[in-house]
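A.B. asks: Sequence and predicted structure are below.
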Amino acid sequence: MILLDYVLKNGGQSVDVDGNNISHDSGYSVSLPIGGLTMPMAGITQADVDLLFSQVAYTVRAANLANTHYVGGWIDDGLFYMGISTTIPVFADAEHVGKLGKQIAIYNFETGESETLKYDI
């Protein structure tokens, strides 16, 4: 399960549908452009995060994606985000998928840092 305290401390968390942390030596974690949920951070509780997790994890299972996709949670601009994520090995491909979903950033497993996506205006 996604832990609110962990996300607050580390900026995000990725877990499989059973709640086990996801980690890779390389590749980019990208949220799919569908199936994501948000909630304002003001007053958010672990119970709220648990509800978001159960909804997203259910979608991953129901869509038969559990072998290749996982649940990602992160915070940005006063919102808690939770979505269906996957690991894409090539940056250009990860960037393309991220931009389809209008993501602010994608997570680089090799560096342990988020990489901000640049959009042409």
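C.D. replies: All right, it came through fine. The shown structure was predicted, so the numbers you read here are calculated from the model rather than taken from an experiment.

A.B. asks: Give me the helices and strands touching the lengthiest helix in the chain, please.
C.D. replies: Longest helix in the chain, counting residues (DSSP state H): helix 46-62. Secondary-structure packing of helix 46-62 (3 or more C-beta pairs under 8 Å, 6 or more residues apart in numbering; DSSP states H and E): helix 4-10, strand 37-40, strand 69-76, strand 79-88. All C-beta atoms are positioned from the backbone trio N, CA, C, and that covers glycine.

A.B. asks: Mind doing that once more with 6 Å?
C.D. replies: Helix 46-62 sits against strand 69-76, strand 79-88, with contacts defined as 3 or more C-beta pairs under 6 Å, 6 or more residues apart in numbering; DSSP states H and E.

A.B. asks: in the helix or strand following the longest one, what counts as buried?
C.D. replies: Put plainly, it is strand 79-88. Downstream of strand 79-88, the first helix or strand assigned by DSSP states H and E is helix 91-100. With burial defined by 16 or more other C-beta atoms under 10 Å, the residues of helix 91-100 counted as buried are 94-95, 97-99.

A.B. asks: which residues pair with the nearest residue to residue 48 once chain neighbours are set aside across the strands?
C.D. replies: Once flanking residues are discounted, residue 48 sits nearest to residue 39: 5.9 Å by C-beta to C-beta, 6 or more residues apart in numbering. Using DSSP bridges, the bridge partners assigned to residue 39 are residue 80.

A.B. asks: Same question for residue 31.
C.D. replies: Bridge pairing for residue 31 - DSSP bridges - gives residue 85.

A.B. asks: Could I get the contacting residues of the most centrally placed residue in the chain?
C.D. replies: Residue closest to the average C-alpha location in the chain (C-alpha atoms, centre = their mean): residue 72, at 2.6 Å. By C-beta atoms under 6 Å, 6 or more residues apart in numbering, the contact set of residue 72 is 14, 31, 83, 85.
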